[in-house]
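# Any chance you can model this:
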Amino acid sequence: MKIVAASTAGVFFAWSAPAAQAASILLTDAKIVGGELVVSGKTQPDRKVVLDDQFGQKANGAGGFVFRLSDYRPPTCIVTLTAGDARATGVVANWGPRGVSPRGA
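Predicted structure coming up:
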C-alpha cells in the first residue's frame with residue numbers, strides 16, 4: 001500500500017491507494033473561503049468525483065476538478081472524495097463549528 005501525505009497552505013491531506021490500482025484521486029486543496037467550501041484536486045480525465053457521498057461532478061479533460069459549495073459545510077473538518085474505487089480524505093482549512101444565531105436574526 002502506498003501512502004502519500006502533503007501539506008499545503010496549512011491543510012493536511014492524506015492519499016492512500018494500492019500501487020497496482022489504476023484509478024487514483026488526489027485532493028490538493030480544501031478550505032472555507034468567504035463562507036464557501038472549496039475543494040479541488042486531480043483524477044483521471046472525465047471521471048466522476050463525489051464529495052462526502054453527496055455532491056458529484058465530472059473531472060475536466062485534464063483530470064482537474066473544483067467543488068464550490070456555498071450551501072454545504074461538512075459536519076466535521078474532514079472531507080472525503082471518491083472516484084470509482086479511489087478515495088482521498090482531507091482536513092478543511094478555516095473550518096470551525098457553526099456559531100449560535102443571534103436572537104432576533
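# which residues of the chain score low on pLDDT?
Screening the chain residue by residue with the criterion pLDDT under 70, one finds the ranges 1-22, 105.
# quick one: contacts for the residue nearest the centre of it?
The centroid of the chain falls nearest to residue 39 when counting by CA atoms, centre = their mean (4.5 Å). If you count contacts by CB atoms under 8 Å, 6 or more residues apart in numbering, residue 39 has them with 27, 29-30, 51, 66-67, 79, 81, 90, 92. (Glycine included, C-beta is placed from N, CA and C.)
# quick one: it and residue 78, what's the gap?
Distance, residue 39 to residue 78, using CB to CB, to the nearest Å: 11 Å.
# cool, and residue 24?
Separation of residue 24 from residue 78 (CB to CB): 20 Å.
# Mind checking which of the two has more residues around it?
Each of residue 24 and residue 78 had its neighbours counted (other CB atoms under 10 Å), and the higher figure belongs to residue 24 (21 against 13).
# That one reaches residue 86, doesn't it?
Yes: distance between residue 24 and residue 86: 5.1 Å, which falls inside the contact criterion (CB atoms under 8 Å).
# ok, back up a step: between residue 39 and residue 78, which contacts overlap?
Common contact partners of residue 39 and residue 78 (CB under 8 Å, 6+ apart): 90, 92.
# which residues touch residue 84?
Under the criterion of CB under 8 Å, 6+ apart, the neighbours of residue 84 are 23, 47-48.
# gap between it and residue 24?
From residue 84 across to residue 24, the span is 9 Å (CB to CB).
# cool, and residue 37?
23 Å.
# What segments of this structure are strands?
Listed in chain order, the strands of the chain (DSSP state E) span residues 2-8, 11-17, 25-33, 36-43, 48-51, 55-58, 64-69, 78-83, 86-91.
# Just send those strands back as JSON lines, with distance to residue 100 too.
As requested, the strands of the chain are arranged in JSON lines below (distance: least, CB to CB, whole Å):
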{"stretch": "strand 2-8", "distance to residue 100": "32"}
{"stretch": "strand 11-17", "distance to residue 100": "27"}
{"stretch": "strand 25-33", "distance to residue 100": "18"}
{"stretch": "strand 36-43", "distance to residue 100": "21"}
{"stretch": "strand 48-51", "distance to residue 100": "27"}
{"stretch": "strand 55-58", "distance to residue 100": "27"}
{"stretch": "strand 64-69", "distance to residue 100": "23"}
{"stretch": "strand 78-83", "distance to residue 100": "23"}
{"stretch": "strand 86-91", "distance to residue 100": "24"}
